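Undergrad: 3D model of this:
(2 chains)
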Amino acid sequence: MKLATWNVNSLRARLGRVEEWLAANEPDVLVMQETKCDDAAFPAGAFKLLGYDTVHHGNGRWNGVAIASRIGLEEIRAGFSGEDAPSIEECRIVQARCGELRVFSVYVPNGRVVDSEFYVAKLAFLKRLREELETTGDPDEPIAVCGDFNVAPEDRDVWDIAAFEGATHVTEPERAAVRALEEWGLSDALRSLHPDEVGPFSWWDYRAGNFHKGYGMRIDLALVSRPLRERLVAAYVDRDARKGKLPSDHAPVVVEFSD
DNA sequence: ATGGTAGCGCTGCTA
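TA: Reported below is the predicted structural model:
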């Protein structure tokens, strides 16, 4: 089984590349972030032609998350459970059962500036995600929480930690919030299989030729529960998807499990 | 070279 997560940075702008990538890579499930469209504009038909059922949760210009699955799509939930959901989630989370898997697509707020209201909201979102797992999940079930976390878990997950002095994505509270998800019962799939590597990065700023200089970050994560961790056979970034004409600024992170 | 790009949508915000 193959599962991928990709911040596509506008599905309207990227649909051709996403279709191409799906046809070439044939993941069983692809979760997407930053679709930047509303539900009515989501191109469900294009995915259906490739064999994927989809759920989309978006409301226009910003954010927007989706799941495409060719192994079933049930028990769909857009947003967090409960009444407080709309105020905090901003079309940044959707989940569904895909065959035996419970899959989340999450787009954690950027945070912008440390200690800003946006940074506070980022930490609150991550805390709420942990609560969602606690109240609705079981770490002994096969669960994959995937997406753009906007957090680099360790110093080696950025090209130069010195360049991040005072910046978001690398602060201890952000990292602790991601660790809290792991402590609930999830493993960072890519880091589990590549414990001694730098990165590999999954995002590079469009500006200043950063991709070509290798100035990236590993902020797109696939966090998987123990039953999946035990079946994990591959985890990698498809860096080629960041190349060529009009790429997303993120590359897909792919994880593979034995059947 | 001391800024750089990209998307959305029409002005400046977001990343």
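Undergrad: For the residue nearest to A:Arg179 when sequence neighbours are not counted, grab the count of nearby residues.
TA: Nearest residue to A:Arg179, sequence neighbours excluded (Cβ to Cβ, 6 or more residues apart in numbering): A:Pro153, at 7.8 Å. C-beta here means a position set from N, CA and C on the backbone, and glycine is covered the same way. Burial of A:Pro153 is recorded as 20 neighbouring residues (other Cβ atoms under 10 Å).
Undergrad: Please apply the same query to A:Glu230.
TA: Taking other Cβ under 10 Å as the criterion, the count of residues near A:Glu230 is 12.
Undergrad: And it, how far from DNA strand B?
TA: 33 Å (Cβ to the nearest atom of the strand, to the nearest Å).
Undergrad: where does A:Arg191 land in three-state SS?
TA: Of the three states, A:Arg191 takes helix according to DSSP: H, G, I helix; E, B strand; the rest coil.
Undergrad: From DNA strand B, how far off is A:Pro27?
TA: Applying Cβ to the nearest atom of the strand, one obtains 22 Å for the distance of A:Pro27 from DNA strand B.
Undergrad: give me every residue that touches that residue.
TA: Taking Cβ atoms under 8 Å, 6 or more residues apart in numbering as the definition of contact, the neighbours of A:Pro27 are A:2-4, A:254.
Undergrad: now swap in A:Ser69 and tell me
TA: A:28-30, A:52-54, A:96, A:98-99, A:103.
Undergrad: Of the contacts of A:Pro27, just the buried ones, PyMOL syntax please.
TA: In PyMOL, the members of these classed as buried (16 or more other Cβ atoms under 10 Å) are selected with the following command:
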select buried, chain A and resi 3+4+254
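Undergrad: Now render the contacts of A:Pro27 as TSV, adding secondary structure, distance to A:Ala162 and pLDDT.
TA: Compiled in TSV, the contacts of A:Pro27 are given as follows (DSSP: H, G, I helix; E, B strand; the rest coil; distance: Cβ to Cβ, whole Å; pLDDT from 0 to 100):
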residue	secondary structure	distance to A:Ala162	pLDDT
A:Lys2	strand	36	98
A:Leu3	strand	34	98
A:Ala4	strand	32	98
A:Val254	strand	30	98
